[in-house]
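Visitor: After the sequence you'll find the predicted model.
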Amino acid sequence: MLTNTHPAAVLRSDDITNDHRPGAAVGVGQALLIGIDASIETIDLTPCDSGTFGATIRQAIGCRLYTVTDATEHIDMWTDDESFPDFDDAELIAATLNPLATLLLAEYRSIHQPYFGAALFTGRSGEHTAGLDAAQLADLRARAELIAGRPEWIEAFRQRVNAAAARQR
């Protein structure tokens, strides 16, 4: 489970892609919200008045600016672009680390950093944000619930991030 989270690579950020934007909404659908407290919530992904999901994403994850990471060719994970803490602040790391979202992303791809703050998993149609289809939502939720049901995985990940941060100080 933790094979993609080697501490030597935890602090790299080259897997963040900032070129993908929410763009024109592709229908109304659902998304999976993962809280820093390991909460798992299905939310409605509704376009705002401008016809995009940008405001909905910002509201769901509680941010001003967001970034997107590709989970798969058809699933994205949105996080607060300003949530990456200063690694000199151990309390802030502990308060904002989202091990469940990071480990869920690792189920789909290699990861090179931990993620902080709430995370929103959405679908993608081409270069446009879309709601998750039923199979995507069921798969994400099942994997998230499996990870959340294994607190030792979450704690092991927390310890690895804390150790990596301590080496950076």
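Guide: Okay, I see it. Please read these numbers as outputs of a predicted model, since none were measured by experiment. Numbers count the residues shown, from 1 in each chain.

Visitor: From now on I want contacts and neighbour counts done on CA atoms only, so please keep to that.
Guide: OK.

Visitor: Leaving aside the residues adjacent along the chain, what's closest to Glu108?
Guide: Not Glu; residue 108 is Tyr. Ala71 (5.7 Å; Cα to Cα, 6 or more residues apart in numbering).

Visitor: can you tell me which residues contact the one you found?
Guide: Contact analysis of Ala71 by Cα atoms under 8 Å, 6 or more residues apart in numbering lists Met77, Leu105, Tyr108, Arg109.

Visitor: Which of those ranks first by neighbour count?
Guide: When neighbours are counted as other Cα atoms under 10 Å, the busiest of the contacts of Ala71 turns out to be Leu105, with 26 neighbours.

Visitor: any idea how far that one lies from Cys48?
Guide: For Leu105, the distance to Cys48 (Cα to Cα, to the nearest Å) stands at 27 Å.

Visitor: Where helices are concerned, which of the contacts of Ala71 count?
Guide: Per DSSP state H, helices hold the following members of the contacts of Ala71: Leu105.

Visitor: Save the contacts of Ala71 as a markdown table, and put in pLDDT too.
Guide: A markdown table is the format used below for these (pLDDT from 0 to 100):
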| residue | pLDDT |
| --- | --- |
| Met77 | 98 |
| Leu105 | 98 |
| Tyr108 | 97 |
| Arg109 | 96 |
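
Visitor: so what does the longest helix along the chain touch, helix or strand wise?
Guide: Looking across the chain with DSSP H, the single longest helix is helix 151-168. Helices and strands touching helix 151-168, by 3 or more Cα pairs under 8 Å, 6 or more residues apart in numbering; DSSP states H and E, are helix 90-96, helix 99-106, helix 134-148.

Visitor: Out of those, which gets nearest to Ile34?
Guide: Proximity to Ile34 (Cα to Cα) singles out helix 99-106 among the helices and strands packed on helix 151-168, at 6.0 Å.

Visitor: Report the inter-axis angle for the closest one versus helix 134-148.
Guide: Between the axes of helix 99-106 and helix 134-148, defined by axes from the mean of the first three to the mean of the last three Cα atoms, to 10 degrees, the angle is 130 degrees.
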